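In: Based on what follows, work out the 3D shape:
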Amino acid sequence: MRVKEEMCLPFRQITLRRADIIGTSALLTTTMTVQQELEEKLKERGLRDKYMTMVGGSPVTKRWAEKIGATAYSEDASECCDVALKLILEKSMTGKTSEQYYILLWFYFKFNILNSLF
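Out: This next block holds a predicted model:
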């Protein structure tokens, strides 16, 4: 299966881009297992504590997210943004912040203020 063969490719991109959150979406129940495989691969490589993971998609539930050990679950794309912001804020409270967080928060709040004006 091509998806399984390419499982190692995201790790390179995640490292190169210095990601903090890895988000996955499953559109079918048959692809939900890839979310679980990602969690397992992160554990195998000793990277699970380094990254926060978010899962979502039509067949995905909060129960599934808890079962596979994902950090967070969101029901849709709109909620995903709010959940990601919450995760970043929580991480920033631990003192593990980077300049990228502050840039993201600035854009998020600016966007919300602009939306409220129109």
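
In: which residues of this protein fall in helices?
Out: Using DSSP state H, the helices assigned to the chain run over residues 2-5, 9-16, 32-44, 62-68, 77-93, 99-117.

In: List the buried residues for the fourth one?
Out: I take that to be helix 62-68. If you call a residue buried by 16 or more other Cβ atoms under 10 Å, then helix 62-68 has these buried ones: Trp64, Ala65, Ile68. To be clear about C-beta, it is placed using only N, CA and C from the backbone, and glycine gets the same treatment.

In: Quick one: those residues as TSV, columns for pLDDT and distance to Leu85 too.
Out: Supplementary listing: the buried residues of helix 62-68 in TSV, determined by pLDDT from 0 to 100; distance: Cβ to Cβ, whole Å:
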residue	pLDDT	distance to Leu85
Trp64	97	22
Ala65	97	18
Ile68	97	23
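
In: between those, which is closest to Ala84?
Out: Set against Ala84, the nearest of the buried residues of helix 62-68 by Cβ to Cβ is Ala65 (14.0 Å).
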